[in-house]
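Student: Sequence plus predicted model, see below.
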Amino acid sequence: MSETEKRKSYEPQAIEQKWYDFWLRKGLFKPEVNPSGEPYCIVIPPPNVTGSLHMGHALNATLQDVLIRWKRMHGYRALWIPGTDHAGIATQNVVEREIAKEKTDRHQLGREEFINRVWKWKGEYGGRIIHQLKKMGASCDWSRERFTLDEGLSAAVRTVFVKLYEEGLIYRSTRLINWCPRCLTALSDLEVEHEEEEGLLTYIRYPLEGGKGHLVVATTRPETMLGDTGVAVNPEDERYRELIGRRIELPLTCRQMPIVGDAAVEMEFGTGAVKVTPAHDFNDEEIAKRQSPALPSISVIGADGKMTALAGARYEGLDRYECRRLVVEDLKKQGLLEKEEKYTHSIGHCYRCKTVIEPLATPQWYVKIEPLASEAIKAVRDGRVKIVPSGWENSYFSWMENIKDWCISRQIWWGHRIPVWYCECGKTIVSTETPTVCPGCGSTELKQDPDVLDTWFSSGLWPFSTLGWPQMPEDMKAFYPTGTLVTAFDILFFWVARMIMLGLKFMGDVPFRYVYIHALVRDEEGQKMSKSKGNVVDPLLIVDKYGADAFRFTLAAFAAQGRDIKFSEERVKGYRHFINKLWNASRFISMNVEGRQIAHGIDQVRDLPSLWILSRLANAADEIDSALQEYRFNDAANRVYQFLWREFCDWYLELAKTGLENEEDAPGIRWCLLYCLDSVLRLLHPFMPFVTEEIWQTLPVPFRDGESIMTAAYPSGLYRDPAAEERMEIVMEAISGVRNIRGELNVQPGAKVKVLVNAGSEDVAKTLMGHLPYIKRQAGADSIIVEMGLAAPRKAAVNVMSRLEVYVPVEGLIDIKAELERLGKELRKTGEELSFCMKKLMDQDFIKRAPEQVVAKEKAKCQELEGKKANIEDSINRLKNIFQEAENG
RNA sequence: GGGCGGAUAGCUCAAUUGGGAGAGCGCAGCCCUUACAAGGCUGAGGUCACAGGUUCGAUCCCUGUUCCGCCUACCA
């Protein structure tokens, strides 16, 4: 490479697309690049086909890409399967909105034509998020991309439905379900979002039969009173006990209904009497069922959220909220409104359109979930699936243990049509293949169930349907169970739990061995990002501005387990600086190795700084590797940052400038520079794929040992040299000692100082003597004297380190007062530490009960501190004398 | 109502099994030293939320309190 080709700063825009295309062209995202490796597979949480990339996706994709690139470099047959989810309600909503612009709606178009429109829409816009994932650098095998409505996945859905039906695990039933009056479909319990809202608690008088007084009931939904079929009180409640069995009048109607007893009624709440509306409230439905005979059910609210004829002529056709106002008004007029109180309670909303949910009795399909759930609980309990961080296991268990049957039918058009047909003879046919004749009566007049399945039903099969099930291709055998599922906690139940249940049921094994639950990305203030708050940050703008590498590294560096990420552009900026540092380090190295003699291996490395940095590199590589093993992405990112910047650039590159002046050392140093750069690029590659490839491609062979860094070996188990580390620390200590004096006393950086070092031992002295040029350059010294037991010169600043003392004669350089101040500060600090330490050692309990090692350590520390204190005191006295002499003279 | 998590430097966060706390950013001082001012060197800054307890010793373990998040639940 030539340094003239390299600009002073890294410019991602020009480079990222180039390398992504290169990787694609070479087919490096395919598992076949490591044909003999152990399989490792990740299936992407399929984003909604309507979606566009948000921060959550960006984080999710980054972490998966880090894992898959890391594993790939370790030689695994790594496969990351991408794809999208058809997202029934969401997608249907989008297309409905679109055709509304054409002044039509889906009913006018008809089912078939509408579905065609959705597919057309999908073809045009559905690939957007996939394109965006590519911008992030995602190394998915795009040749295996799937869509939940693909032919293959649809076959999987039908197979699963039929099998569950045949086993009695899918059934149809009419009961109250969560109904969205805007989407006009049933929703599962999970799809209802509960939110605290301030409302009113309305107290209504219900006249007792026979005109003797009244009973007051409290409700948050006065309009549902039109569908009341009873009033319930607690049988233990002495106020009301004798009313049980009597009848009461329902105001605004001419109905009468019974007063019943039910233990579920809280005596303390409201008035202790509750109106019972079995057709519009889950609790009331239960209460009604417990009575014998059961209380009847009167539906006064229709599927569209408007009052039905059963609500009475005055209210029919009104929206439920208009009706609420009118009912209250009417009650007031009749003197039956006791009072209204402000009341905060939680209300269910449709997770898609936020409309308030209406419990409604309709026929729906359900999965009997308990038998599936109990297996799925076992799988996590015995560790076949590990959830990381493990804290989420509790949530998983408590949800799974209280799980209710899963309503899987949706009254929409876009999705997997339920594979059930009804014949006019009354027969129901459930089949994977579309039947043409009724096996009962031979009729060809078969009508398919109009409903489609919950989107999560198909995504629940994702880990095996994407691999080709119910066929059993090679992929299926090789990659199931997959390695790690990476996702946010908000779909732990929606999706993760269901994949575990269905995977166990149909594959006989868990779908993945690890579930890594990552954080939510919030804004700078810690607020959840949302369109309505206007605090959404578009990841693609960040990529455009700072490059995908800086963005990815930021996300990874903040992905600490169990804590949300507060995202701010400032941080990305910081990591862009980091990339620039890497870029310039590589420039420096290329300038210094190009056309020069380079050693051939570590055997030819002879200088201490090189041995030191190699050992530090080995240390960093091990720590990074084990951090990734434990999904501590932030630790891995921070360690590589620390190594590259603080150790490699701040120390080694500076030392190498001196070392390169020595012709005998130089070839080894050049080798070491390249080796470290190569290694750090590999370590960084999973986090920053683009810039690492860009630089790596310019390395000379044998460092560049393949066509791409993507398939280069990940560094681990490198050469360690603790002895070199320790010796180098002595040299670094001397340098820091001088620098510290210079810094504190404001010695001009250009000014050279004389340095004297009192070495603590023969070895220390020898090591220092062997590295004088390094110390001179780094400490800005023009002369150095090293001796064991060297006495301090009269006028000198002193720095007492652990293995040595540094003296810098101060005459002409600094003022003595400043140095006295500095030493006074040091003395205070040391004194405090020492007395704390001594106090401990005088404590008999400590001596007796603390482990020997700890006591010994404390003793050594105490000794060292004593020595240090004495030395500082000496220096202070010396300087004071000088000071006085100066004053007197 | 139940459950979970958090509270550590000005800010954002670390601290692998209890032995006097670290980083990044920011701040202050001095420097454009030929890889990088998107930089270098140096430094200041913390009763580890509060109160008890266990222990020779607690940021770490236990109990309670306060504040802040989130999940979950059929008090209408």
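Tutor: Everything's here; your move.

Student: In chain A, where's the longest strand?
Tutor: strand A:192-207 (DSSP state E).

Student: Against which helices or strands is it packed?
Tutor: Judged by 3 or more CB pairs under 8 Å, 6 or more residues apart in numbering; DSSP states H and E, strand A:192-207 is in contact with strand A:214-219, strand A:247-249, strand A:337-350. Yep, even glycine has a C-beta here, placed from its N, CA and C like the rest.

Student: mind giving me JSON lines with those and columns for distance to residue A:263?
Tutor: As requested, the helices and strands packed on strand A:192-207 are exported to JSON lines (distance: least, CB to CB, whole Å):
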{"stretch": "strand A:214-219", "distance to residue A:263": "17"}
{"stretch": "strand A:247-249", "distance to residue A:263": "20"}
{"stretch": "strand A:337-350", "distance to residue A:263": "22"}
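
Student: Same list (those) but as JSON lines, adding distance to residue A:472 and mean pLDDT.
Tutor: Listed next are the helices and strands packed on strand A:192-207 as JSON lines, based on distance: least, CB to CB, whole Å; pLDDT from 0 to 100:
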{"stretch": "strand A:214-219", "distance to residue A:472": "57", "mean pLDDT": "89"}
{"stretch": "strand A:247-249", "distance to residue A:472": "65", "mean pLDDT": "89"}
{"stretch": "strand A:337-350", "distance to residue A:472": "39", "mean pLDDT": "85"}
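
Student: okay, those strands in CSV with distance to residue A:623 and mean neighbour count next?
Tutor: Formatted as CSV, the helices and strands packed on strand A:192-207 follow (distance: least, CB to CB, whole Å; neighbours: other CB atoms under 10 Å):
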stretch, distance to residue A:623, mean neighbour count
strand A:214-219, 61, 19
strand A:247-249, 74, 20
strand A:337-350, 46, 14
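
Student: if we compare those, which one ends up closest to residue A:161?
Tutor: Ranking the helices and strands packed on strand A:192-207 by proximity to residue A:161 (CB to CB) places strand A:337-350 first, at 24.6 Å.

Student: Can you tell me the element residue A:18 falls in?
Tutor: Residue A:18 belongs to helix A:13-25 when assigned by DSSP states H and E.

Student: For residue A:275, see how far away residue A:211 is.
Tutor: As judged by CB to CB, to the nearest Å, residue A:211 and residue A:275 stand 20 Å apart.

Student: Between those two, point out the one with more neighbours.
Tutor: A count of neighbours by other CB atoms under 10 Å puts residue A:275 above the other of residue A:211 and residue A:275, at 25 against 8.

Student: number of nearby residues for residue A:159?
Tutor: 17.

Student: which SS state does the closest residue in space to it that isn't next to it in sequence fall under?
Tutor: Leaving out its chain neighbours, the residue that sits closest to residue A:159 by CB to CB, 6 or more residues apart in numbering is residue A:470, at 4.9 Å. Under DSSP: H, G, I helix; E, B strand; the rest coil, residue A:470 falls in the coil class.

Student: if I pick the residue nearest to residue A:428 when sequence neighbours are not counted, what's in contact with it?
Tutor: Once flanking residues are discounted, residue A:428 sits nearest to residue A:422: 5.8 Å by CB to CB, 6+ apart. Residues counted as contacts of residue A:422 (CB atoms under 8 Å, 6 or more residues apart in numbering) are A:428-429, A:446-449.

Student: Nearest to RNA strand B: which residue in chain A?
Tutor: Proximity of chain A to RNA strand B (CB to the nearest atom of the strand) peaks at residue A:743, 2.6 Å away.

Student: Residue A:630 versus that residue, what's the distance?
Tutor: 38 Å.

Student: cool, and residue A:146?
Tutor: For residue A:146, the distance to residue A:630 - CB to CB - is 30 Å.

Student: Show me which of these two is the more surrounded one.
Tutor: residue A:146 (21 against 11).

Student: Would you confirm that the more buried one contacts residue A:85?
Tutor: No: under the criterion of CB atoms under 8 Å, residue A:146 is not in contact with residue A:85, lying 9.8 Å apart.

Student: quick one: common contacting residues for the two?
Tutor: Residues touching both residue A:146 and residue A:85 (CB under 8 Å, 6+ apart): residue A:46.
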